[in-house]
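> all I have is the shape, not the residue letters:
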């Protein structure tokens, strides 16, 4: 009998708690507007990235690997002689061997590829160094934006986005018949929009048309766009 009484009391307490919880539930917000705005600034790209590559092919994997290793070591040594922090920085890229198969499914040869990447702000130093590494032709030309350059204009893009957000909020509030608004929540995100990649063969043709082996490869940087997005909600009032 005691067990039954205790069970009934427990159920009664749970029912009361459920009633209190239901009464304490906050009403759904009304007259809340969701919106977003964007601010952008164009900035000149200040980093050049040249990828040099060498390929070798042969029947023996070890021989192909040794050939690529020799070419890469020579190119790396030449590039390091011209290296300078931030102006010309050197790193190795992917290095790999891949089997080639015949119609019978058996390996007939091995093909390998090694890459060397030159990156920095001194375009002339980078391109002339690449010209001296004749055993590794340029396979790709790319441009980038340094963190410092991005930081310089990010504040301006953010200010534009905030002003646009405020202007849109005021305009929409009036359009819906309200006198103004107050901020509820807001988030700010930034990103970088790059121009389309240059065709790979442009770099190869530029290399082939040089009058001398160590002449600089002709390159020209474009502009990147630093974009800041502001999104959130406002309470119309």
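Great, that's in hand. Because the structure is a prediction, the values reported are computed rather than measured.

> only C-alpha atoms from now on, for both contacts and neighbour counts.
Fine.

> would you map the strands across the chain?
Assigned by DSSP state E, the strands in the chain fall at 32-44, 47-58, 89-101, 107-120, 138-144, 181-193, 223-236.

> list the buried ones in the longest helix along the chain?
When the chain is scanned for its longest helix (criterion: DSSP state H), the result is helix 147-175. Across helix 147-175, burial judged by 16 or more other CA atoms under 10 Å covers 150, 153-154, 156-162, 164-166, 169-170, 172-173.

> which other helices and strands contact it?
Helix 147-175 sits against strand 32-44, strand 181-193, strand 223-236, with contacts defined as 3 or more CA pairs under 8 Å, 6 or more residues apart in numbering; DSSP states H and E.

> deepest in the core, which of these is it.
With neighbours taken as mean count of other CA atoms under 10 Å, the helices and strands packed on helix 147-175 reach their highest mean count in strand 223-236, at a mean of 20.

> could you tell me the angle between that one and helix 147-175?
30 degrees (axes from the mean of the first three to the mean of the last three CA atoms, to 10 degrees).

> orientation of strand 223-236 relative to strand 32-44 in degrees?
Counting by the same axes, to 10 degrees, strand 223-236 lies at 160 degrees to strand 32-44.

> what residues are up against residue 231?
Residue 231 makes contacts with 34-37, 165, 186-188, as judged by CA atoms under 8 Å, 6 or more residues apart in numbering.

> nearest residue to it other than its sequence neighbours?
Excluding the flanking residues, the one nearest residue 231 by CA to CA, 6 or more residues apart in numbering is residue 36, at 4.0 Å.

> so that neighbour sits against residue 165, correct?
Yes: shown here, residue 36 and residue 165 form a contact pair, counting by CA atoms under 8 Å, at 6.3 Å.

> returning to what we had before: how far off strand 47-58 does the longest helix of the chain point, in degrees?
Between the axes of helix 147-175 and strand 47-58, defined by the same axes, to 10 degrees, the angle is 120 degrees.

> how about residue 181, what does it touch?
Contacts of residue 181 by CA under 8 Å, 6+ apart are 169-170, 173, 234-237.

> try 7 Å this time
Counting by CA atoms under 7 Å, 6 or more residues apart in numbering, residue 181 makes contact with 170, 173, 234-237.

> what's the answer for residue 153, then?
With contacts defined as CA under 7 Å, 6+ apart, residue 153 is in contact with residue 41.

> would you mind measuring from the residue nearest to residue 231 to residue 166?
As judged by CA to CA, to the nearest Å, residue 36 and residue 166 stand 10 Å apart.

> so for residue 125, which of the helices and strands packed on helix 147-175 sits nearest?
strand 32-44 (18.8 Å; CA to CA).

> what's the mean pLDDT across the closest one?
For strand 32-44, mean pLDDT is 93.

> which other helices and strands contact that strand?
Secondary-structure packing of strand 32-44 (3 or more CA pairs under 7 Å, 6 or more residues apart in numbering; DSSP states H and E): helix 147-175, strand 223-236.

> need those in CSV with mean pLDDT, can you?
Below are the helices and strands packed on strand 32-44 laid out as CSV (pLDDT from 0 to 100):
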stretch, mean pLDDT
helix 147-175, 93
strand 223-236, 93
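
> let me know which of those is the nearest to residue 70.
Closest among the helices and strands packed on strand 32-44, once you apply CA to CA, is helix 147-175, at 34.7 Å.

> what's the burial count for the closest residue to residue 95 other than its chain neighbours?
With CA to CA, 6+ apart as the criterion, residue 95 has its nearest non-adjacent residue at 4.4 Å, and that residue is residue 114. As a burial measure, residue 114 scores 21 neighbours (other CA atoms under 10 Å).
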